[in-house]
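Novice: I'll drop the sequence and a predicted model, then ask my questions.
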Amino acid sequence: MVRVAGSLMRRVLGVDLQDELKKHVAAKAADLVRPNMVLGLGSGSTAAFFVADVGRRVVAGELPGLRCVPTSFQASVLANENSLTLTTLNEVDTIDLAVDGADEVDPHLNLTKGGGGCQTEEKLVDARAEQLVIVVDSSKLVHRLGEKMPIPVEVLPLAYRQVGQKLTTIGGKPTLRMAKAKAGPLVTDQGNFILDTEFEQMDNPGQLEEQINNIPGVLDNGLFVGLADKVLVGEEDNGKLSVREL
Ligand code: 5RP
(Lines give C-alpha, C1' and ligand atoms only; values in the text may rest on other atoms or scores of the structure.)
Protein backbone atom coordinates (compact mmCIF):
# COMPACT_ATOMS: atom_id res chain seq x y z
CA MET A 1 0.00 0.00 0.00
CA VAL A 2 2.75 2.38 1.01
CA ARG A 3 4.69 1.40 -2.06
CA VAL A 4 1.76 2.12 -4.32
CA ALA A 5 1.24 5.50 -2.70
CA GLY A 6 4.97 6.18 -3.01
CA SER A 7 5.04 5.29 -6.65
CA LEU A 8 2.01 7.47 -7.39
CA MET A 9 3.75 10.34 -5.67
CA ARG A 10 6.84 9.81 -7.78
CA ARG A 11 4.78 9.80 -10.93
CA VAL A 12 3.18 13.09 -9.97
CA LEU A 13 6.49 14.69 -9.18
CA GLY A 14 8.09 13.14 -12.24
CA VAL A 15 11.64 13.57 -11.01
CA ASP A 16 12.10 10.53 -8.80
CA LEU A 17 10.53 8.18 -11.30
CA GLN A 18 13.55 8.56 -13.55
CA ASP A 19 15.80 7.45 -10.68
CA GLU A 20 13.55 4.45 -10.02
CA LEU A 21 13.84 3.45 -13.69
CA LYS A 22 17.60 3.82 -13.56
CA LYS A 23 17.79 1.61 -10.45
CA HIS A 24 15.53 -0.98 -12.04
CA VAL A 25 17.53 -1.25 -15.23
CA ALA A 26 20.86 -1.22 -13.36
CA ALA A 27 19.72 -4.17 -11.22
CA LYS A 28 18.88 -6.15 -14.36
CA ALA A 29 22.35 -5.51 -15.78
CA ALA A 30 24.02 -6.50 -12.49
CA ASP A 31 22.52 -10.00 -12.95
CA LEU A 32 24.68 -10.40 -16.08
CA VAL A 33 27.95 -10.24 -14.12
CA ARG A 34 29.70 -13.59 -13.50
CA PRO A 35 32.64 -14.69 -11.29
CA ASN A 36 36.17 -14.12 -12.67
CA MET A 37 35.00 -11.61 -15.27
CA VAL A 38 36.87 -8.47 -16.22
CA LEU A 39 34.09 -5.90 -16.04
CA GLY A 40 34.05 -2.38 -17.51
CA LEU A 41 32.35 0.11 -15.18
CA GLY A 42 30.52 2.94 -16.94
CA SER A 43 30.07 6.49 -15.67
CA GLY A 44 27.04 8.60 -14.78
CA SER A 45 24.11 8.11 -12.42
CA THR A 46 22.69 4.91 -13.99
CA ALA A 47 26.11 3.27 -14.02
CA ALA A 48 26.51 4.33 -10.36
CA PHE A 49 23.41 2.29 -9.41
CA PHE A 50 24.91 -0.63 -11.35
CA VAL A 51 28.21 -0.38 -9.43
CA ALA A 52 26.30 -0.40 -6.12
CA ASP A 53 24.36 -3.53 -7.19
CA VAL A 54 27.52 -5.35 -8.29
CA GLY A 55 29.15 -4.32 -5.00
CA ARG A 56 26.29 -5.94 -3.06
CA ARG A 57 26.84 -9.17 -5.00
CA VAL A 58 30.58 -9.05 -4.30
CA VAL A 59 30.01 -8.53 -0.56
CA ALA A 60 27.58 -11.47 -0.61
CA GLY A 61 30.40 -13.65 -2.04
CA GLU A 62 28.66 -14.23 -5.39
CA LEU A 63 31.41 -12.87 -7.65
CA PRO A 64 34.85 -14.25 -6.70
CA GLY A 65 37.69 -13.20 -9.01
CA LEU A 66 35.84 -10.20 -10.44
CA ARG A 67 38.12 -7.37 -11.61
CA CYS A 68 36.83 -4.01 -12.81
CA VAL A 69 38.15 -1.41 -15.25
CA PRO A 70 36.69 2.06 -14.52
CA THR A 71 35.75 4.57 -17.23
CA SER A 72 36.30 7.65 -15.06
CA PHE A 73 37.53 8.97 -11.74
CA GLN A 74 33.89 8.80 -10.57
CA ALA A 75 33.68 5.09 -11.45
CA SER A 76 36.94 4.27 -9.62
CA VAL A 77 35.81 6.10 -6.47
CA LEU A 78 32.45 4.30 -6.52
CA ALA A 79 34.18 0.97 -7.13
CA ASN A 80 36.33 1.50 -4.05
CA GLU A 81 33.33 2.51 -1.97
CA ASN A 82 31.47 -0.63 -3.08
CA SER A 83 34.22 -3.19 -2.42
CA LEU A 84 35.10 -3.82 -6.08
CA THR A 85 38.63 -4.78 -7.12
CA LEU A 86 40.04 -2.38 -9.69
CA THR A 87 42.43 -3.00 -12.53
CA THR A 88 43.49 -0.93 -15.56
CA LEU A 89 43.29 -1.19 -19.33
CA ASN A 90 47.01 -1.92 -19.49
CA GLU A 91 46.75 -4.86 -17.09
CA VAL A 92 44.04 -6.87 -18.82
CA ASP A 93 43.98 -8.85 -22.07
CA THR A 94 40.28 -8.44 -22.58
CA ILE A 95 37.16 -6.96 -21.01
CA ASP A 96 34.39 -9.55 -20.89
CA LEU A 97 31.49 -7.20 -20.26
CA ALA A 98 31.09 -3.45 -19.95
CA VAL A 99 27.95 -1.80 -18.62
CA ASP A 100 27.55 1.91 -19.27
CA GLY A 101 24.89 4.62 -19.47
CA ALA A 102 24.10 6.87 -22.44
CA ASP A 103 22.59 10.27 -23.15
CA GLU A 104 20.84 9.21 -26.36
CA VAL A 105 20.10 5.87 -28.04
CA ASP A 106 18.90 5.76 -31.66
CA PRO A 107 16.92 2.90 -33.32
CA HIS A 108 20.21 1.34 -34.58
CA LEU A 109 21.63 1.24 -31.01
CA ASN A 110 24.05 4.04 -31.80
CA LEU A 111 24.69 6.35 -28.87
CA THR A 112 25.54 9.84 -27.77
CA LYS A 113 27.61 9.83 -24.58
CA GLY A 114 29.68 12.30 -22.61
CA GLY A 115 27.07 14.17 -20.59
CA GLY A 116 29.44 13.55 -17.67
CA GLY A 117 32.49 14.45 -19.75
CA CYS A 118 34.01 10.94 -19.64
CA GLN A 119 33.49 9.89 -23.28
CA THR A 120 37.16 9.31 -24.13
CA GLU A 121 37.81 6.79 -21.35
CA GLU A 122 34.33 5.34 -21.80
CA LYS A 123 35.00 4.65 -25.46
CA LEU A 124 38.33 3.00 -24.67
CA VAL A 125 36.68 0.60 -22.25
CA ASP A 126 33.40 0.12 -24.12
CA ALA A 127 35.11 -0.54 -27.45
CA ARG A 128 37.39 -3.11 -25.84
CA ALA A 129 34.54 -5.08 -24.27
CA GLU A 130 33.44 -8.42 -25.73
CA GLN A 131 29.92 -7.37 -24.80
CA LEU A 132 28.72 -3.80 -24.24
CA VAL A 133 25.41 -3.44 -22.44
CA ILE A 134 23.90 0.04 -22.22
CA VAL A 135 21.52 0.93 -19.39
CA VAL A 136 19.09 3.82 -19.84
CA ASP A 137 15.65 5.02 -18.85
CA SER A 138 13.13 5.53 -21.64
CA SER A 139 13.76 9.30 -21.85
CA LYS A 140 17.05 8.53 -23.63
CA LEU A 141 15.47 6.99 -26.74
CA VAL A 142 15.65 9.27 -29.80
CA HIS A 143 14.94 9.01 -33.54
CA ARG A 144 18.16 10.72 -34.44
CA LEU A 145 21.39 11.32 -32.48
CA GLY A 146 21.92 14.96 -31.56
CA GLU A 147 18.16 15.45 -31.11
CA LYS A 148 18.37 16.19 -27.39
CA MET A 149 21.97 17.02 -26.77
CA PRO A 150 25.06 18.26 -28.60
CA ILE A 151 28.01 15.96 -29.33
CA PRO A 152 30.77 16.36 -26.72
CA VAL A 153 34.19 16.66 -28.36
CA GLU A 154 37.21 16.32 -26.05
CA VAL A 155 40.07 18.57 -27.16
CA LEU A 156 43.57 19.46 -26.05
CA PRO A 157 43.25 22.82 -24.26
CA LEU A 158 45.94 24.41 -26.44
CA ALA A 159 43.94 23.54 -29.57
CA TYR A 160 40.37 24.38 -28.53
CA ARG A 161 40.01 27.44 -30.77
CA GLN A 162 41.41 25.82 -33.89
CA VAL A 163 39.38 22.64 -33.32
CA GLY A 164 36.29 24.83 -32.83
CA GLN A 165 36.93 26.50 -36.19
CA LYS A 166 37.31 23.13 -37.93
CA LEU A 167 34.10 21.86 -36.33
CA THR A 168 32.32 24.91 -37.75
CA THR A 169 33.57 24.10 -41.26
CA ILE A 170 31.99 20.62 -41.05
CA GLY A 171 28.62 22.04 -39.98
CA GLY A 172 28.97 22.06 -36.18
CA LYS A 173 28.19 24.78 -33.66
CA PRO A 174 30.69 24.27 -30.83
CA THR A 175 30.36 25.70 -27.31
CA LEU A 176 33.12 25.37 -24.75
CA ARG A 177 31.66 23.50 -21.76
CA MET A 178 32.05 25.61 -18.61
CA ALA A 179 32.61 24.23 -15.11
CA LYS A 180 29.77 24.52 -12.58
CA ALA A 181 31.66 25.28 -9.37
CA LYS A 182 34.93 26.62 -10.74
CA ALA A 183 35.70 29.66 -12.84
CA GLY A 184 36.45 28.81 -16.45
CA PRO A 185 36.05 25.71 -18.60
CA LEU A 186 35.29 22.21 -17.38
CA VAL A 187 38.48 20.12 -17.27
CA THR A 188 38.09 16.40 -17.99
CA ASP A 189 39.69 13.57 -15.98
CA GLN A 190 42.43 13.63 -18.64
CA GLY A 191 43.03 17.39 -18.27
CA ASN A 192 41.29 18.42 -21.50
CA PHE A 193 38.40 20.70 -22.55
CA ILE A 194 35.06 19.76 -24.09
CA LEU A 195 33.41 21.46 -27.06
CA ASP A 196 29.70 20.59 -26.97
CA THR A 197 28.88 20.66 -30.67
CA GLU A 198 25.43 20.89 -32.24
CA PHE A 199 24.88 19.43 -35.70
CA GLU A 200 21.60 20.17 -37.45
CA GLN A 201 22.12 17.40 -40.00
CA MET A 202 23.38 14.03 -38.86
CA ASP A 203 22.50 11.54 -41.57
CA ASN A 204 25.57 9.37 -41.06
CA PRO A 205 26.75 9.39 -37.42
CA GLY A 206 29.53 6.85 -38.12
CA GLN A 207 31.05 9.08 -40.77
CA LEU A 208 30.72 12.13 -38.54
CA GLU A 209 32.37 10.31 -35.62
CA GLU A 210 35.42 9.62 -37.82
CA GLN A 211 35.42 13.06 -39.38
CA ILE A 212 35.52 14.74 -35.95
CA ASN A 213 38.25 12.42 -34.70
CA ASN A 214 40.40 13.26 -37.74
CA ILE A 215 40.68 16.91 -36.64
CA PRO A 216 44.12 17.46 -35.08
CA GLY A 217 43.75 18.23 -31.38
CA VAL A 218 40.65 16.05 -30.88
CA LEU A 219 41.00 13.18 -28.40
CA ASP A 220 37.64 11.57 -29.08
CA ASN A 221 33.96 12.45 -29.28
CA GLY A 222 30.68 11.29 -27.77
CA LEU A 223 29.31 9.46 -30.83
CA PHE A 224 29.41 5.70 -30.12
CA VAL A 225 28.47 4.05 -33.39
CA GLY A 226 28.17 0.29 -33.77
CA LEU A 227 29.52 -0.46 -30.28
CA ALA A 228 26.48 -1.44 -28.21
CA ASP A 229 25.48 -5.11 -28.26
CA LYS A 230 22.40 -4.68 -26.10
CA VAL A 231 20.44 -1.76 -24.65
CA LEU A 232 18.33 -2.25 -21.53
CA VAL A 233 15.59 0.37 -21.24
CA GLY A 234 13.76 1.08 -17.99
CA GLU A 235 10.11 1.90 -18.66
CA GLU A 236 7.00 2.75 -16.68
CA ASP A 237 3.41 2.03 -17.57
CA ASN A 238 0.58 2.80 -15.15
CA GLY A 239 2.93 2.75 -12.19
CA LYS A 240 4.48 -0.58 -13.22
CA LEU A 241 8.21 -0.60 -13.94
CA SER A 242 9.72 -2.94 -16.51
CA VAL A 243 12.89 -3.44 -18.54
CA ARG A 244 12.80 -3.77 -22.32
CA GLU A 245 15.75 -5.19 -24.24
CA LEU A 246 16.76 -3.67 -27.57
C1 5RP B 1 29.12 10.18 -18.95
C2 5RP B 1 28.14 9.43 -19.76
C3 5RP B 1 26.95 8.89 -19.06
O4 5RP B 1 26.89 7.52 -19.25
C5 5RP B 1 25.72 9.56 -19.62
O6 5RP B 1 25.88 10.96 -19.46
C7 5RP B 1 24.44 9.07 -18.95
O8 5RP B 1 24.42 9.48 -17.61
P9 5RP B 1 23.19 9.21 -16.64
O10 5RP B 1 23.12 7.74 -16.44
O11 5RP B 1 23.54 9.98 -15.40
O12 5RP B 1 21.95 9.75 -17.30
O13 5RP B 1 28.27 9.26 -20.95
O14 5RP B 1 30.15 10.71 -19.74
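Specialist: The structure has been received and is ready for your questions.
Novice: going forward, measure contacts and count neighbours with C-alpha atoms only.
Specialist: OK.
Novice: So D53 sits against A27, correct?
Specialist: Yes: using Cα atoms under 8 Å, D53 is in contact with A27, at 6.2 Å.
Novice: Identify the residue nearest the most centrally placed residue in the chain in space, chain neighbours excluded?
Specialist: For the chain, the residue nearest the mean C-alpha position is G101 (3.4 Å; Cα atoms, centre = their mean). Computed as Cα to Cα, 6 or more residues apart in numbering, the closest residue to G101 that is not its neighbour in sequence is V135, at 5.0 Å.
Novice: Next, the contact list for that neighbour, please.
Specialist: When contacts are counted by Cα atoms under 8 Å, 6 or more residues apart in numbering, V135 touches 22, 25-26, 29, 46-47, 99-102, 231-234.
Novice: Within its sheet, name the partner strands of the helix or strand hosting it and how each one runs.
Specialist: Under the criterion of DSSP states H and E, V135 resides in strand 129-137. Strand 129-137 has the following strand partners under DSSP bridges: strand 95-100 (parallel), strand 230-237 (parallel).
Novice: Which of those sits closest to the ligand?
Specialist: For the strands paired with strand 129-137, the distance to the ligand is smallest for strand 95-100, at 5.6 Å, taking Cα to the nearest ligand atom.
Novice: Now do the following helix or strand past the closest one, average pLDDT.
Specialist: With elements assigned by DSSP H and E, the helix or strand that comes after strand 95-100 is strand 104-105. Mean pLDDT, strand 104-105: 98.
Novice: ditto for stretch 19-37
Specialist: Averaging pLDDT along stretch 19-37 gives 96.
Novice: swap in stretch 186-198?
Specialist: 97.
Novice: What's the end-to-end length of it?
Specialist: Here the two ends of stretch 186-198 are set 18 Å apart, with distance taken as Cα to Cα, to the nearest Å.
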